[in-house]
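Peer 1: I would like to see how this sequence folds:
(chains A and B)
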Amino acid sequence: MSELLRLDGVACIRGDRLLFENLSLALAPGDALWLRGPNGAGKSSLIRLAAGLLHAAAGTVERRGRCALIDEASALDAELPLRRALDFWARVDTVDGHAVDRAMTAMAMAPLSEVPVAMLSTGQRKRAAMVRVIASGASIWLLDEPANGMDDAAQGRLMAAIAAHRTNGGAVLLASHFALGIADLAELDMGALA
Amino acid sequence: MTTLLALFWRDLKRAWGSGALWLPVLFFLLVATAFPFAVGPDAPLLRRAGGGMVWVAALLAALLPIDRLVRPDRDAGVLDQLAVRGIADEVIAAVKILGHAIAFGLPLMIALFPAAALLAQDAARVEVLATGIAIAIPALASLAVLSAALTAGLKGGSAIGGLLVLPLAVPLLIFGAGMLDPSGRGAMKLLAATSLLLTMIGPFAAGAAMRGLRE
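Peer 2: Presented below is the predicted three-dimensional model:
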């Protein structure tokens, strides 16, 4: 398969509610897909399915290459300075410090290196999570509401990072309840599936 | 390998950075200090009962930090991020058990000596106690991580956590304290066998519990 991510006939059940069924999608290198829809439509569940964190009730999920995920939890140790919290994930992902440096610059987080994660605002924490995603070197980005809490400038940097990732042959699956203004973006309306 | 080392160091640093190094040890010493006050300063009685008391205190001390072994990582999304990277839950649990065994076991071994002195244990009995507790530490860590994983999804889970694993720890207590009995020759081997079994079960049981947290 040439796609990085392929979902075939996938169904998702949460609790005893069927969120969606018979959903198929494929992301080739350079592709990006925007999952849109109202709260509770199953955007986050689909992202977690794609990440392998949830099991599909039916259908198959195939991934080729590594995944990087953003969800509502930042997974950065609150008591550590930002840079050291990010360095932990760099070691887990076995990437070197330069990758983190470049990602910090891309998201304009370098001035906040020494600030404890607990002191960061919501938007800054999202940017920090984005630094982890960029630095990870993963080819599949799964971004669940990545722009929540971000100001316009940070959203611009996010768009630039996504564009650069696609140019480098990566794929992006993005869940957001509002339009982010990304060029050449496929859409999947989760609200219409229910 | 780098990944697992990073995980291990993080667990160790978080344990020692959060004061968790001192809490179980202080608790352990507190029990050893309080016990002579409760039973009176009768040296032969203290010597006879003190060894068992050390074992009870060590077991309870191991269960003291279960609140922060798995739940914070789950709430912060760290477990999810590790799962996305394809690291098996069993491996994460094994690293956590090793981390807890060292973070809690090393200071406990050091605290054992003043505690034994407070309980009027002589050199020969201290040696037996130290050997037994060193053998039991991996199993105690394994049980602590298991109960932490089982209760991470529950509110007020730490109280239930203790109840969950205490029955499993009873063989450790029996054989460990049994080593102090002059007729308890085989107790050390039985303790080692029990410890090995509990240590081996831990990663798989805790890993399954951590997987269950995601569903």
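Peer 1: so who does A:Arg91 touch?
Peer 2: When contacts are counted by C-beta atoms under 8 Å, 6 or more residues apart in numbering or on different chains, A:Arg91 is found next to B:2-3, B:5-6. For glycine as for every other residue, the C-beta is placed from the backbone atoms N, C-alpha and C.
Peer 1: quick one: pLDDT of it?
Peer 2: As summarised for this prediction, A:Arg91 has a pLDDT of 92.
Peer 1: next one: A:Met1
Peer 2: A:Met1 is assigned a pLDDT of 55 by the prediction.
Peer 1: then B:Pro182?
Peer 2: The score at B:Pro182 is 82. That number is its pLDDT.
Peer 1: how deep is it tucked in, by neighbour count?
Peer 2: Around B:Pro182 sit 5 other residues, with neighbours defined as other C-beta atoms under 10 Å in any protein chain shown.
Peer 1: chain A: which of the contacts of A:Arg91 is nearest?
Peer 2: Nearest to chain A, judged by C-beta to the nearest C-beta, of these is B:Ala6 at 3.7 Å.
Peer 1: distance of that closest one relative to A:Gly30?
Peer 2: Between B:Ala6 and A:Gly30 the computed distance is 31 Å (C-beta to C-beta, to the nearest Å).
Peer 1: out of those two, which sits in the busier spot?
Peer 2: Neighbours were counted for B:Ala6 and for A:Gly30 using other C-beta under 10 Å; B:Ala6 has more, 19 against 15.
Peer 1: that one touches A:Val92, doesn't it?
Peer 2: Yes. Using C-beta atoms under 8 Å, B:Ala6 makes contact with A:Val92 at a distance of 5.2 Å.
Peer 1: mutual contacts of those two, please.
Peer 2: Shared between the contact lists of B:Ala6 and A:Val92 (criterion: C-beta under 8 Å, 6+ apart) there are no residues.
Peer 1: hmm, back to that, between the contacts of A:Arg91, which is closest to A:Leu120?
Peer 2: When the contacts of A:Arg91 are ranked by distance to A:Leu120 (C-beta to C-beta), B:Ala6 comes first, at 21.8 Å.
Peer 1: pretty sure that closest one is in a helix, no?
Peer 2: Yes. Secondary structure of B:Ala6, determined by DSSP: H, G, I helix; E, B strand; the rest coil: located in a helix.
Peer 1: skipping adjacent residues, who's closest to it in space?
Peer 2: Once flanking residues are discounted, B:Ala6 sits nearest to A:Arg91: 3.7 Å by C-beta to C-beta, 6 or more residues apart in numbering or on different chains.
Peer 1: and for B:Ser142?
Peer 2: The shortest distance from B:Ser142 to any residue that is not its chain neighbour, by C-beta to C-beta, 6+ apart, is 2.9 Å, and that residue is B:Gly202.
Peer 1: ok, how many other residues are close to B:Pro44?
Peer 2: Tallying neighbours of B:Pro44 according to other C-beta under 10 Å, which is how burial is gauged here, yields 8.
Peer 1: ok, and what's touching stretch B:26-45?
Peer 2: B:46, B:49-50, B:53-54, B:56-58, B:60-61, B:64, B:108, B:111-112, B:114-116, B:118-120.
Peer 1: wait, A:Asn39 touches A:Ser176, no?
Peer 2: No. The pair A:Asn39 and A:Ser176 does not pass the contact test of C-beta under 8 Å, sitting 11.8 Å apart.
Peer 1: and these two? Which one has more around it.
Peer 2: More neighbours surround A:Ser176 than the other of A:Asn39 and A:Ser176, with 18 against 8 (other C-beta under 10 Å).
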